[in-house]
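Q: Need coordinates for the following:
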Amino acid sequence: VRGGDEQGWSDRKVWFLLGFVAFCDVHANFLSIVAFSKTSVASVMLLDCFTIPLVLLGSIFFLGCRYRAVHFCSALIALVGFGIILYADVVLQSGEGGGES
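A: You can find the predicted model right below:
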């Protein structure tokens with residue numbers, strides 16, 4: 001059916017939605033680049049590792065998605081990576097500031 005479908009999605013609504021998603025994607029990429037220029041690589045990697053579990057939980061609660069055990073295991077692996085990077089970042093920070101008094 002041209003001009004819409006059974007759910008009431010007109011072509012105009014779809015294009016506005018896609019435009020909004022594209023706008024958010026461009027700004028997220030821009031903010032990632034700004035984050036790399038303003039902080040250490042380890043801190044940005046912390047955000048990257050934490051994104052996967054947060055998106056998984058957000059899609060469960062807000063979108064009602066259902067996942068298999070392998071998806072939760074993958075999110076757990078991302079959280080383990082988060083913990084390792086966090087530990088390494090703390091050790092690096094204490095090692096850099098420890099010599100100066």
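
Q: Name the spans of this protein whose pLDDT lies under the cut-off.
A: Applying pLDDT under 70 to the chain flags residues 1-7, 95-101.

Q: quick one, helices of it?
A: 11-38, 41-63, 69-97 (DSSP state H).

Q: okay, the ones you listed in CSV with mean neighbour count next?
A: No exception for glycine: its C-beta is placed from N, CA and C like everyone else's. Output for the helices of the chain, formatted as CSV (neighbours: other CB atoms under 10 Å):
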stretch, mean neighbour count
helix 11-38, 10
helix 41-63, 14
helix 69-97, 13
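
Q: For this structure, which residue occupies the most central location?
A: The chain has T51 as the residue nearest its centroid, 3.2 Å off, counting by CA atoms, centre = their mean.

Q: what's the distance between it and A78?
A: From T51 across to A78, the span is 8 Å (CB to CB, to the nearest Å).

Q: Then H27?
A: 23 Å.

Q: Then C65?
A: According to CB to CB, C65 and A78 sit 17 Å apart.

Q: and what of W15?
A: On the measure of CB to CB, W15 and A78 end up 34 Å apart.

Q: Count the neighbours of R68 for me.
A: 8 (other CB atoms under 10 Å).
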